[in-house]
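In: With the sequence up front, the predicted model follows.
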Amino acid sequence: MMQYDAIIIGAGQAAAPLSTTLAKAGWKTALIEKKHVGGTCVNEGCTPTKTMVASARVAYLARRAADYGVHTGEVTVDMAKVRQRKRAIVESFRKGGQRRIEKTDGVDLLFGEAHFTDPKSVQVRLNDGETCGLAAETIFINTGTRAIFPPVPGLDSVPTLDSTSIMELDIVPAHLLVLGGGYIGLEFGQMFRRFGAQVTIVQRGDQLLTREDSDVAAEVAGILREDGVQVLLESEALYVEEGGDGGIRMTVRTPDGERALAGSHLLVAAGRAPNTDRLNLAAAGVETDQRGFIQANERLETTAPGVYALGDVKGGPAFTHISYDDFRIVRTNLLEGGGATVNGRLVPYTVFIDPQLGRVGLSETEARERGHQIRVAKLPMAHVARALEMDEARGVMKAVVDAETDQILGCAVLGIEGGEVMSVLQTAMMGRIPYTRIRDGVFAHPTLAESLNNLFMAMDA
């Protein structure tokens with residue numbers, strides 16, 4: 001049994017900086033990773049997908065070149081090259097992160113799979129087949145999540161893709177069926193449409209992106225349809241079977257009756273489950289909810305003293321920046337004697353469709369449900385000078401303001417560089433700057449940020 005001050009299970013976006021920070025503070029630390037340093041973000045999430053989104057946008061702009069007075073030849077996509085570019089960037093990020101950990105004195109990086117044997121001990125089956133025991137007074141769980149398949153009859157009998165395997169395709173699918181209308185399904189759906197595939201998205205709910213306001217979700221659906229993506233709402237997959245020529249046949253129930261969809265490939269993007277089932281959490285006294293997500297309080301403490309849950313494994317917002325902020329919370333509390341919590345933190349995110357959807361704070365629906373007296377500012381991107389100059393005028397900007405305090409409660413920016421524009425308003429929210437200061441602020445012309453003047457002036461008109 002090897003004794004440590006801290007054990008970290010899973011090398012995700014909270015774990016890597018935590019391991020080196022603890023070590024530099026004098027904590028002897030073990031970091032256990034089953035496969036790759038960097039977690040979902042670097043290996044299967046943010047880094048590879050946004051690399052491929054960039055390739056898809058180039059294809060989109062190349063086909064639109066004539067709109068700008070530029071004439072090019074036929075646009076073709078080399079998926080093997082797209083894949084290789086993605087792999088190279090992922091490998092660079094992954095190796096860079098691993099080198100930083102390995103160069104830090106006081107951190108032992110172990111590749112293997114861990115499970116608890118008691119509240120302060122774990123056993124690790126190393127990837128070389130050996131096993132070892134580790135003990136520590138403080139243990140952090142940062143094991144993330146994985147894609148899951150819904151219980152659709154026949155789904156397990158046909159070839160399927162998930163958000164990881166679809167990025168390894170070396171051909172453009174003839175017709176990609178996408179089961180699920182969340183941000184993963186939409187990003188891949190639009191991406192492969194731009195690569196040249198026919199794409200059909202099947203969404204069980206009455207709108208895409210269920211956490212968004214219905215008017216914003218409708219704008220997103222309209223953009224995808226304009227790009228040639230078929231979007232089926234209120235549509236449930238009844239069963240899946242093999243089709244002709246090795247393809248896939250999916251029968252769905254739509255508001256207009258049953259339909260048979262024939263596709264060459266099927267992406268399942270219908271949710272994720274926590275990687276907790278092999279941790280033997282019961283031995284540690286760590287409780288989970290019915291879906292297997294670890295229960296943690298506002299200080300990220302689990303039901304077992306000295307055991308913390310970081311990142312996606314505890315449920316809630318599944319974003320890299322939230323995982324990293326979890327690291328900052330435990331660093332503040334354990335090393336700096338602070339009292340940081342998750343309470344009140346803003347949760348920004350960007351859906352990397354094109355144009356992007358940047359969101360932070362409360363939606364209009366959420367604000368009303370919480371009893372706020374609100375005013376809503378809304379501006380089509382078609383009224384934004386910079387967007388028109390770029391011929392990228394699709395989308396809408398929307399902000400929710402407290403009618404009594406003039407504080408910005410939240411915003412959604414669906415437009416060119418929507419995530420960046422959203423961040424301007426997030427900064428105002430962090431500084432508790434009233435919307436009137438943004439409305440009357442002087443921004444450089446012509447920029448996208450300048451449109452925030454017009455957004456709030458439209459509300460006051």
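Out: Everything's here; your move. Numbering: from 1, shown residues only.
In: how close does Arg226 get to Asp354?
Out: If you look again at residue 226, you'll see it is Glu, not Arg. 11 Å (Cβ to Cβ, to the nearest Å). For glycine as for every other residue, the C-beta is placed from the backbone atoms N, C-alpha and C.
In: Give the phi and psi angles for the closest residue to Ala65 other than its chain neighbours, as a check.
Out: Closest residue to Ala65 apart from its sequence neighbours, by Cβ to Cβ, 6 or more residues apart in numbering: Thr72 at 4.9 Å. Reported as degrees, to the nearest 10, the phi and psi values for Thr72 are phi -120, psi 180.
In: wait, Thr72 sits on Leu61?
Out: No: distance between Thr72 and Leu61: 9.9 Å, which falls outside the contact criterion (Cβ atoms under 8 Å).
In: the more surrounded of the two?
Out: Per other Cβ atoms under 10 Å, whichever of Thr72 and Leu61 has more neighbours is Leu61, with 18 against 11.
In: Going by the annotation, which residue ranges form each domain of this protein?
Out: Domains of the chain are assigned by automatic domain parsing as 2-146+273-335, 155-270, 355-460.
In: helices and strands of this protein: which one bottoms out on pLDDT?
Out: helix 39-43 (a mean of 92; mean pLDDT, DSSP states H and E).
In: buried residues in the longest helix belonging to the chain?
Out: Ranked by residue count under DSSP state H, the longest helix found in the chain is helix 79-102. Residues of helix 79-102 classed as buried: Met79, Val82, Arg83, Arg85, Lys86, Ile89, Val90, Phe93, Arg94, Gly97, Gln98, Ile101 (neighbour count, 16 or more other Cβ atoms under 10 Å).
In: what pairs with the regular element (helix or strand) spanning Val413, and is each one parallel or antiparallel?
Out: For Val413, the element it lies in under DSSP states H and E is strand 408-415. Note on strand 408-415: by DSSP bridges, its sheet partners are strand 356-361 (antiparallel), strand 396-402 (antiparallel).
In: Just the buried residues of it, please?
Out: Buried-residue list, strand 408-415, by 16+ other Cβ under 10 Å: Ile408, Leu409, Gly410, Cys411, Ala412, Val413, Leu414, Gly415.
In: after that strand comes which helix or strand?
Out: helix 418-430.
In: May I see the buried residues of the next helix or strand after that following helix?
Out: The helix or strand immediately downstream of helix 418-430 is helix 435-439, counting by DSSP H and E. Of the residues in helix 435-439, Tyr435, Ile438, Arg439 count as buried by neighbour count, 16+ other Cβ under 10 Å.
In: Wait, the first one touches Asp406, no?
Out: Just to be clear, that refers to Tyr435. Yes: counting by Cβ under 8 Å, Tyr435 does reach Asp406; the two are 5.5 Å apart.
In: can you pull out the helices in the chain?
Out: Under DSSP H, the chain gives helices at 15-24, 39-43, 46-63, 79-102, 183-195, 214-226, 281-284, 320-335, 364-369, 385-389, 418-430, 435-439, 451-460.
In: need the ones you listed in a markdown table with distance to Thr302, can you?
Out: As requested, the helices of the chain are exported to a markdown table (distance: least, Cβ to Cβ, whole Å):
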| stretch | distance to Thr302 |
| --- | --- |
| helix 15-24 | 16 |
| helix 39-43 | 19 |
| helix 46-63 | 26 |
| helix 79-102 | 24 |
| helix 183-195 | 27 |
| helix 214-226 | 35 |
| helix 281-284 | 8 |
| helix 320-335 | 12 |
| helix 364-369 | 28 |
| helix 385-389 | 46 |
| helix 418-430 | 29 |
| helix 435-439 | 40 |
| helix 451-460 | 41 |
